[in-house]
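Asker: quick one, structure for this:
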Amino acid sequence: RTLPWSPISLVYQPPETSKSTMMSNNHRSIGASALGATAVVAAVQFLTPADPVGRCMLLLKQLRGHEKRLKSNKDVDSGIDKYLELHQQKDVDTRNAEYKTLVDTYYDLSTLFYEWGWGSSFHFAYRYFFESFAESIRRHEYYLASKLALYGKPYSQKVIDVGCGIGGPMRNICRFTGQDVTGLTLNQYQVDRGNELCDADDVVQGKCRSVQGDFMEMPFEGNTFDAAYAIEATCHAPDRVGVYSEIYRVLKPGSIFACYEWCMLDDYVPGNPDHEKSKKKIEEGDGLPDICHTSVCLKAMTEAGFEVLEERDLAADPIGNKGKVWQLPLLPSWNPFSQRFQFNWLGFRMTNLAVRMLEFLYLAPTGTYKTQQMLQTAGYGLGEGAETNIFTPMYLMVGRVPMNKKTVIKSSQ
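Answerer: Numbering: from 1, shown residues only. Model (predicted):
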């Protein structure tokens, strides 16, 4: 019998293996891997509510029809180039002046990715140990809605969602409060998608809807609404006093406005290279002209005329040893079945390769790859901002319109 090594030379000599045997072994290995991956996907599909197959099919369907629904640009490629060009402007005033174009283009490009990867509620939430991701998102919305003092008969009070996205919070809050909710968004793509989802839900159908409009110049008469809220939306405004004043204008005397704001925190040091780099990633990856400090937003609330009832950073709330911080979905993980996998170096390359392949096969429009890179940049910036405690996406402010409401003249910061 031939030994796999020579006792004279003591040099390892692998036994001869035929090419056909090697190919057969490789095929078995590939087949076993494919079968294992299929089994895992099938288990997740049928044993959990995740529905990865359905969500991927929805993404492909939306990608194929993406450019037909664009309003801000003729195609995805020119849209992302235009957006990135705006963010190359170092002057904040220039971006603020172009906020409509910047924000509208951003959501034309990113909305379908948000819906696929995050769901219909485009915001963050920390998680208690007993909560699923979806439960934490709803609880975060319900907590804000509980601040609105809505006690009227069912659907007798009118609420406005300022910057509603595709209406996930709007529909949840409509069900939670039992009141009529109107969502306002600048982006027509989001209006259309939001109303599709409202019409498909017979519980909220006719009781909430999305309308197109600029929250700096709302298409509503004064004293129209009984309450207002904004969830990580007014950060897109070029002027906080301006947007809060518009909200104040459309609210009735005694009404409540509650919001979660994206803000820089006290640990942020202007001019610090690392801090500035993280801040820029957030701005560029999330369609923001600039990010204000918490003190700027709080002062703007009072200048707009509101009586501030409460303010704090919810990200600092205790969540227990087993709780999960809001930024966890954006931190790198080597779990291949977690969306966090894309934030490690290997997942980053694999994700970009997959999107490039979709473009190559004409399953996604040209420019989708650049859009995906832009969104990943946002994820890195948000994670860095949270880990260094310079940024929060959930600065809570609750304000009340005085009973002797006065007209407020808009001003700029």
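
Asker: contacts only, for the nearest residue to L309 once chain neighbours are set aside.
Answerer: Taking CB to CB, 6 or more residues apart in numbering as the measure, L309 lies nearest to V398, with 4.6 Å between them; neighbours along the chain are not counted. No exception for glycine: its C-beta is placed from N, CA and C like everyone else's. Residues in contact with V398, defined by CB atoms under 8 Å, 6 or more residues apart in numbering, are 147, 256-258, 308-311.

Asker: over to F391?
Answerer: Going by CB under 8 Å, 6+ apart, F391 touches 262-265, 268, 278-279, 282, 291, 382, 385.

Asker: dump those residues into JSON lines; add distance to R127 and pLDDT as well.
Answerer: Compiled in JSON lines, the contacts of F391 are given as follows (distance: CB to CB, whole Å; pLDDT from 0 to 100):
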{"residue": "W262", "distance to R127": "19", "pLDDT": "98"}
{"residue": "C263", "distance to R127": "21", "pLDDT": "98"}
{"residue": "M264", "distance to R127": "24", "pLDDT": "98"}
{"residue": "L265", "distance to R127": "21", "pLDDT": "98"}
{"residue": "Y268", "distance to R127": "25", "pLDDT": "98"}
{"residue": "S278", "distance to R127": "23", "pLDDT": "97"}
{"residue": "K279", "distance to R127": "25", "pLDDT": "97"}
{"residue": "I282", "distance to R127": "21", "pLDDT": "96"}
{"residue": "I291", "distance to R127": "24", "pLDDT": "96"}
{"residue": "L382", "distance to R127": "16", "pLDDT": "96"}
{"residue": "G385", "distance to R127": "19", "pLDDT": "97"}
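
Asker: which intervals of this structure have sub-threshold pLDDT?
Answerer: Low-confidence regions of the chain, defined by pLDDT under 70, span residues 1-55, 58, 61, 64-65, 67, 407-413.

Asker: now do the SS call for the residue nearest to L309.
Answerer: V398 carries the three-state label strand when classified by DSSP: H, G, I helix; E, B strand; the rest coil.

Asker: report the secondary structure state of the closest residue to E384 other than its chain neighbours.
Answerer: The spatial neighbour of E384 that comes closest, neighbours along the chain excluded (CB to CB, 6+ apart), is S278 at 4.1 Å. Classification of S278 into helix, strand or coil gives helix, according to three-state DSSP.

Asker: quick check, S278 in contact with I390.
Answerer: Yes. With contact defined as CB atoms under 8 Å, S278 reaches I390; the gap is 6.8 Å.

Asker: sweet, I'm off.
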